[in-house]
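Peer 1: need a structure here:
(one chain, ligands or ions: 1)
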Amino acid sequence: MELNIQNVSMTYPNGKQALKGLGLDLRSPSLIGLLGPNGAGKSTLMKLLVAALTPTAGTILVDGQPLEKAERQLKARLGYLPQDFGLFDELTVTQFLDYMAALKGLKQPKAAIRAVIQAVNLEVKARVPIRTLSGGQRQRVGIAQALLGDPPFLIFDEPTVGLDPEERIHFRNLFSRTAQDRLVLLSTHIIEDVQSVCDQIVVIHHGQIRFTGTPEQLIASAAGHVGVFWEKDETQEQGLHITARVNTSQGVRCRAVADQLPPYVQAEEPTLEDAYLYLISREAAQ
Ligand SMILES: Nc1ncnc2c1ncn2[C@@H]1O[C@H](COP(=O)(O)OP(=O)(O)OP(=O)(O)O)[C@@H](O)[C@H]1O
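Peer 2: Purely as a prediction, here's the structure:
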């Protein structure tokens, strides 16, 4: 499965330009992490990819065919978890998935439902009403419906928002297993979500793509731009973007990113989070 996004722009009817001349090629198998601050344009891009919105300029190709012509084929091969996903609270998990299976036109709904309930580890909740589930369990139902029918292309928009760390780890493992033979696009602003599982990262900011590559490449791009120092006075922060500050018994220890580190900052190996913050802070400064 291959998606080519060519010079795509999206301006909402109120005049807000959410995406500006985006270009991106996505190919399976891959687990792609789409990172960006709030309002960067991540959800807009995902809505374009599932044909819930039409771009105001540019082209999206699905296996070489324009999306508007391939829309039906795309939807038949797509599992989508939108950011605001409404569940039918009075239905049980199984009843809801049965309904979704019917919408998807699945031939063997029972076996498919059993498989996805197992995949998201919700066997014990299969027969209880959705209204009784915790936030994490509801999110698992959302993921289960996206997985129904084993689609080769999956889009998850902020799937781990509101989950506790243990649930997030469970999801990461699930995504990584899922992506072995598919194209999975995962949008998030939680770096740990992409760090351990994504083979590709796309950073989007102010409606434009600022980086595409592997996590290692993003980390390498920040080498020499990350460091730590003991804060003596606040003027030291000038020209730096402080990413962490810890009060210790010996004083305040700061971590910072900058184009050029001043002599009192001791360089450190960047983490993925440092590299992401460095990229975003540079954009903000421009
Ligand atoms: N229906 C809409 N009408 C007008 N403007 C919109 C609409 N939807 C989104 N926007 C604006 O477009 C920009 C991009 O929004 P989008 O939801 O795609 O960002 P995002 O990266 O998904 O952010 P978040 O992480 O907060 O969900 C924002 O400035 C947002 O306010």
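Peer 1: Only C-alpha atoms from now on, for both contacts and neighbour counts.
Peer 2: Will do.
Peer 1: The ligand contacts on this structure?
Peer 2: 12, 14, 16, 18, 36-44 (Cα under 6 Å from any ligand atom).
Peer 1: Can you go through the residues you listed and name the buried ones?
Peer 2: Using 16 or more other Cα atoms under 10 Å as the burial test, those include 18, 36-37, 40-44 as buried.
Peer 1: now, which of these lie within strands?
Peer 2: Secondary structure from DSSP state E places residue 18 of those in strands.
Peer 1: What is the nearest of the buried ones among the residues of the chain next to the ligand to residue 192?
Peer 2: residue 36 (13.4 Å; Cα to Cα).
Peer 1: I'd assumed residue 205 was in contact with that closest one.
Peer 2: Yes - contact criterion Cα atoms under 8 Å: residue 36 and residue 205 qualify, at 5.7 Å.
Peer 1: TSV please, covering the buried ones among the residues of the chain next to the ligand and showing pLDDT.
Peer 2: Below are these laid out as TSV (pLDDT from 0 to 100):
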residue	pLDDT
18	97
36	92
37	89
40	93
41	94
42	93
43	91
44	95
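Peer 1: and which of the buried ones among the residues of the chain next to the ligand is nearest residue 131?
Peer 2: When those are ranked by distance to residue 131 (Cα to Cα), residue 43 comes first, at 26.1 Å.
Peer 1: so where does residue 48 fall, helix or strand?
Peer 2: Using DSSP states H and E, residue 48 maps to helix 42-49.
Peer 1: partner strands of the following helix or strand past that helix, parallel or antiparallel?
Peer 2: Per DSSP H and E, the first helix or strand lying C-terminal to helix 42-49 is strand 57-62. In the sheet, strand 57-62 lines up against strand 2-11 (antiparallel), strand 65-66 (antiparallel) (DSSP bridges).
Peer 1: which residues sit against the first one?
Peer 2: Yep, that's strand 2-11 we're talking about. Here strand 2-11 makes contact (Cα atoms under 8 Å, 6 or more residues apart in numbering) with 17-28, 44, 54-64.
Peer 1: Put the buried members of these into a ChimeraX selection.
Peer 2: In ChimeraX, this line selects whichever of these come out buried by 16+ other Cα under 10 Å:
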select :18,19,20,22,23,26,27,28,44,54,55,57,58,59,60,61,62
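Peer 1: pLDDT weak spots in the stretch 151-286 of the chain?
Peer 2: 162, 283-286 (pLDDT under 70).
Peer 1: hmm, 90 instead?
Peer 2: For the stretch 151-286 of the chain, the stretches with pLDDT under 90 are 157-181, 188-197, 232-239, 281-286.
Peer 1: Excluding sequence neighbours, find me the nearest residue to residue 194.
Peer 2: Excluding its sequence neighbours, the residue lying closest to residue 194 (Cα to Cα, 6 or more residues apart in numbering) is residue 33, at 5.5 Å.
Peer 1: One more: residue 68?
Peer 2: Sequence neighbours aside, residue 51 is the residue nearest to residue 68 in space, at 7.8 Å (criterion: Cα to Cα, 6+ apart).
Peer 1: The residue lying closest to residue 201 once chain neighbours are set aside: which element?
Peer 2: Computed as Cα to Cα, 6+ apart, the closest residue to residue 201 that is not its neighbour in sequence is residue 33, at 4.8 Å. Residue 33 belongs to strand 30-35 when assigned by DSSP H and E.
Peer 1: Can you tell me which helices and strands that strand packs against?
Peer 2: With contacts defined as 3 or more Cα pairs under 8 Å, 6 or more residues apart in numbering; DSSP states H and E, the packing partners of strand 30-35 are strand 183-188, strand 200-205.
Peer 1: For the first one, which strands pair with it and how are they oriented?
Peer 2: Think strand 183-188. Strand pairing for strand 183-188, using DSSP bridges, gives strand 30-35 (parallel), strand 153-157 (parallel).
Peer 1: Including mean neighbour count and distance to residue 248, could the ones you listed go into a markdown table?
Peer 2: Below are the strands paired with strand 183-188 laid out as a markdown table (neighbours: other Cα atoms under 10 Å; distance: least, Cα to Cα, whole Å):
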| stretch | mean neighbour count | distance to residue 248 |
| --- | --- | --- |
| strand 30-35 | 25 | 32 |
| strand 153-157 | 24 | 38 |
